[in-house]
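1. quick one, structure for this:
(2 chains)
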Amino acid sequence: MKKLLLFLIAICVIAPFSGDAQNSTNTRRVQRPKATGTAQRRVAPAKRTAATPQSAAKRQLNNALRLAQGGQFENAANALFSLSRRPELSAQRAQIKYVLGNMLVGMKLYQTAAFQFVDVIRMKHPKYSRLAIEKLSIVADSLGDDTILNYAISRVVVSEFPANLRDMLNFRLGEIFLRKNDFAQASELFSRVGPNSSYYFQALYNKGLAELEANQTTLAVGTFQTMLEGRRRAPVTDTNKVAAQVGLARALYQKKDWEGSIEAYAQVPRDTLMWHDAIFEQSWAMLRAARFRSALSNFQTLHSAYYEDFYMPESLLLRAIVYLYICKYDEMEKVLGLFEKTYGPVRSKIGSFLKATHNGTAYYDEIEKAQLIKTTDKSANLHLPYIVLRNVLEQGNVKRSMQYLKKLNQEKQKVEASMTLRSSPLGRYALKILANRVKNTKLSVGEMVKAHLLNMRVELRDLYEQAGFIRYEMINGRKESIKQEIAGKDIDAQIDDKVDRKFYIQNGYEYYPFQGEYWLDEVGNYHYLGKQSCE
Amino acid sequence: MLSKSLRAIMVFLTAVVSQTAVAAEIVELPTEELAQESVLPIFDRPVSVKNRNIVTEGKVEADVFYAYSMTEPIANVSKFGVSIYYNTNEDNAWGFRFAKNFSGLSTYAEQLNQQFNLDFKRAPAPEMSGMVDYNVKAFYGKMSLSKSLVFNTMLFGSVAGGVIKYVHKTYPAVAFGIGQKFYFDKNWALRFDLRLYANEAPVPFLKNALRVPPSPSPDPVPEHNRFQDRLTLTTNLEFGLSYLF
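-> Have a look, this model is predicted:
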């Protein structure tokens, strides 16, 4: 189907081009009878010798176009590539490159195709530059590279853009405005994406985000509910459905509807990646709703051995705060100790790495090794703690760029897999482009990693400061307890100390007291049954 | 250590035998916090258990056990044994087992003597066995017997090869089995095995060889080599106490 579509596109593109060629031939034919007289006869041979290479080039061009029409993308692309460098076809270069781009799209060599379209755009051809912008937007969309996408989108005239592709354009423009913190404009652009578009749910999600950023919580709740309603029939773990659920929970939290938020977070399915964020964020909502026991139940999960690779310094401080609320000073001490023991070395390693490393490639190398560890059973020597790099890998821009790199590598493999293509000038050109893009993207990822590490360093510094305050509160609380003890008040008489805490287990549930080991099927099912130590 | 472990065994037995009802405060957990799903969270490298209580890798484990031979008709059905294993990792263990058979006859053989004056003490009986045993630890798990009592369990398969010594001769033997360990702390475990032994063994039923007075025509005491050998399958049920060093 895709091939057919490309074939039709190629025909549409080639048809006017062939027409132009035909017209010029006709013009020559009309002119010939006019050429009479000696002087003109003397000029005629010179004209013929000048016309020969041009007509040969045109013949080759027609052949290439016939190949394109016949769906022989590789042969056509090779021919068009060599013709695009011929000086006698400079007038047709925009058209040739445009058709070449389409042929490369047909061969799924999107990055190489993107370069052809960029060349055409730069030529400022009245007809083909506009068409090339459209094509570049599509190619950039499938590559997922922000640089090309921004380049293409910034040159688009929305009114001239084909109606069927306008949803994509609005979505990408919305993303650009969202990044620029112009939330109203972003929201407006996301609203324009139609419900039949494949971008619809992503646009709805981003619209909700933009509304939350603009503190329009009620609107955001409505948006996420619309998204949820739209995905009502989708499977439980459908990415858009789960994203909508998390979005709704976040919107309710921002709206200070703690109970609503807790309930919404509880609806996030456990067998999805977003569940980990949901359970942490739910703990915040529980703290705000003064459901301390419930928050501590979540922390048992979040601080289990399954999360030893997760970067969550905030969750430890949050746990300490909850213990402060229920006057569990010994537990607080342990948690603060754990925070310092875990994140102290992390902080110093980030600091020393940032100080010693100035080369973007070194940052990329670290993240590449971390990805290797994450996705395979292989190990690698890291200069930074794995939890830090894993966290950086999860960041949106890094994730997108790594995905883009993967696509570049796939394209490279595709070129290298074909002996004829690899040894052709077009193949060599494509490999050169790809090598250059890979190199630049790696540098760009390196810069992103550096920026994230700088942010983490700042964040850890702030959290350490907060840990200091929490410790102060803990000491203060202990001091007050001792004062009460000296004053003769029964401080050990915890409010429910004399109550038998034995309990029944609801029918249909099994109960295992926690004895230090963590089981995968128990993660998320822990319940704190301790007591509050103060009123 | 031992008294603590004995106390744990007592607790274990008490828990098995009786379930005590205690009047207690009901801690009500919000329904939405109770498990609603039977699916597992997604991790990069999911493993069933982390931070396990019973770590066997690189450790030596010693057992004492009692074995009851369920299909032995004539010889004494009981034997005591010791074994020692080295756990190469969390999935495999290699060990050596030695078992000493009780002397005497089975209750059934005693009855035959009383009723028909047939003395099976004349037939050769097994004395002891020694085997190299390989264990594959298939499942590590846990079970809760009460709200405060949890046991770690380990189900394992066993393949052993060695010898069984009879009074007159030693025979090669193999054994296959399945077992379960119940760890009631990080070192001590109760062990239950079911094993099928296969070996050449003398058939104790020999014509004109077993009758003794007051039988009207007692038989002379036969030579042990008069008893014919044949492949014998014996099912053993074993109970043991195991210590993980």
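
2. ranges for the helices of the stretch 151-300 of chain A?
-> Ranges of helices within the stretch 151-300 of chain A are A:166-179, A:183-191, A:200-213, A:217-230, A:239-254, A:258-266, A:274-288, A:292-302, based on DSSP state H, counting those that start in this stretch.

3. how about residues contacting the fifth one?
-> With contacts defined as CB atoms under 8 Å, 6 or more residues apart in numbering or on different chains, helix A:239-254 is touched by A:201-202, A:204-205, A:208-209, A:211-212, A:215, A:217, A:220-221, A:223-225, A:227-228, A:231, A:234-235, A:260-261, A:264-265, A:267-269, A:272, A:274, A:277-278, A:281-282, A:284-285, A:288. Bear in mind the C-beta positions are built from the backbone N, C-alpha and C, glycine included.

4. filter the residues you listed down to the ones near chain B?
-> Among these, proximity to chain B is found for A:269, A:272 (CB under 8 Å from any CB of the partner chain).

5. buried ones among the contacts of helix A:239-254?
-> Listed as buried from these are A:201-202, A:204-205, A:208-209, A:211-212, A:217, A:220-221, A:223-224, A:227-228, A:231, A:260-261, A:264-265, A:267-269, A:272, A:274, A:277-278, A:281-282, A:284-285; burial here means 16 or more other CB atoms under 10 Å in any protein chain shown.

6. how far away is residue B:146 from chain A?
-> Going from residue B:146 to chain A by CB to the nearest CB, to the nearest Å gives 9 Å.

7. who's that residue bridged to?
-> residue B:149 (DSSP bridges).

8. state the distance from it to residue A:531.
-> Distance, residue B:146 to residue A:531, using CB to CB, to the nearest Å: 21 Å.

9. contacting residues for residue A:425?
-> Contact analysis of residue A:425 by CB under 8 Å, 6+ apart lists A:78, A:81, A:82.

10. from what I can see residue A:142 touches residue A:108, true?
-> No. Counting by CB atoms under 8 Å, residue A:142 does not reach residue A:108; the two are 9.2 Å apart.

11. all strands of chain B, in order?
-> For chain B, the strands defined by DSSP state E occupy B:49-50, B:60-69, B:78-87, B:92-101, B:126-146, B:149-166, B:170-183, B:188-202, B:229-244.

12. what would those strands look like in JSON lines with mean pLDDT?
-> Shown next, in JSON lines, are these (pLDDT from 0 to 100):
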{"stretch": "strand B:49-50", "mean pLDDT": "90"}
{"stretch": "strand B:60-69", "mean pLDDT": "93"}
{"stretch": "strand B:78-87", "mean pLDDT": "93"}
{"stretch": "strand B:92-101", "mean pLDDT": "93"}
{"stretch": "strand B:126-146", "mean pLDDT": "89"}
{"stretch": "strand B:149-166", "mean pLDDT": "91"}
{"stretch": "strand B:170-183", "mean pLDDT": "93"}
{"stretch": "strand B:188-202", "mean pLDDT": "92"}
{"stretch": "strand B:229-244", "mean pLDDT": "91"}
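
13. so can I have CSV of those showing distance to residue A:73 and mean neighbour count?
-> Shown next, in CSV, are these (distance: least, CB to CB, whole Å; neighbours: other CB atoms under 10 Å in any protein chain shown):
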stretch, distance to residue A:73, mean neighbour count
strand B:49-50, 52, 18
strand B:60-69, 67, 18
strand B:78-87, 61, 18
strand B:92-101, 56, 18
strand B:126-146, 55, 17
strand B:149-166, 58, 18
strand B:170-183, 62, 18
strand B:188-202, 68, 19
strand B:229-244, 67, 16
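
14. how about the ones you listed, which one is nearest residue A:389?
-> Among these, strand B:49-50 comes nearest to residue A:389, with 20.9 Å by CB to CB.

15. who are the packing partners of the closest one?
-> strand A:518-519 (3 or more CB pairs under 8 Å, 6 or more residues apart in numbering or on different chains; DSSP states H and E).

16. residues in contact with residue A:435?
-> Residue A:435 makes contact with residue A:412 under the criterion CB under 8 Å, 6+ apart.

17. and if you look at residue A:430?
-> By CB under 8 Å, 6+ apart, the residues touching residue A:430 are A:109, A:111, A:112, A:411, A:415, A:421.

18. shouldn't the second one be within a strand?
-> No. Residue A:111 sits outside any strand when classified using DSSP: H, G, I helix; E, B strand; the rest coil, being helix.

19. for burial, what's the neighbour tally of it?
-> 24 (other CB atoms under 10 Å in any protein chain shown).
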